[in-house]
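Enquirer: just need the structure, nothing else, for what follows:
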Amino acid sequence: MNRREALKRTALITGIAISSSVSMALLNGCKPSGKESWQAQFLDEEEVKLVTAICDIILPATDSPGALEIHVPEFIDLMLKECWLTDDGVFKDSLSSFSALVKKERRRQIKKNRRNKYQKM
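Expert: Got it, this is the predicted structure:
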């Protein structure tokens, strides 16, 4: 083995050791508050409902805990409050636009299903 290969392997092993310990420290620091209901600090009530629904769709509960069991909506609200650098409304505007798009598509699907139902009669 030459020196370059030894240095590459050493750097890889060191990187893995450091990144795994940092990851564990971050994950250990992310403890839920333990409260069944929490009060959002950044999002309003409707936004919390939407974020909760999105989280549950993306990461549903299976044989492992889902997003709701590990308090992802609470974490998102906390990160937005603590880490969102600007209060320019971009996140909330995007969330509102997404909500309007979903509602519009849902109405369209309901109308389409009704039309199909009546055509079958």
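Enquirer: tell me the secondary structure at L68.
Expert: Under DSSP: H, G, I helix; E, B strand; the rest coil, the three-state class of L68 is coil.
Enquirer: average pLDDT for the longest helix along the chain?
Expert: Among the segments of the chain that qualify as a helix by DSSP state H, the longest is helix 90-120. On average, the pLDDT along helix 90-120 is 83.
Enquirer: now stretch 4-13
Expert: So the average pLDDT for stretch 4-13 ends up being 78.
Enquirer: ok, and what's touching it?
Expert: Judged by C-beta atoms under 8 Å, 6 or more residues apart in numbering, stretch 4-13 makes no contacts with residues elsewhere in the structure. For every residue, glycine as well, the C-beta is placed using N, CA and C.
Enquirer: so which bits of that stretch are buried?
Expert: Under the neighbour-count criterion of 16 or more other C-beta atoms under 10 Å, stretch 4-13 has nothing buried.
Enquirer: cool, stretch 41-60 as well?
Expert: F42, L43, E47, V48, L50, V51, T52, I54, C55, D56, L59.
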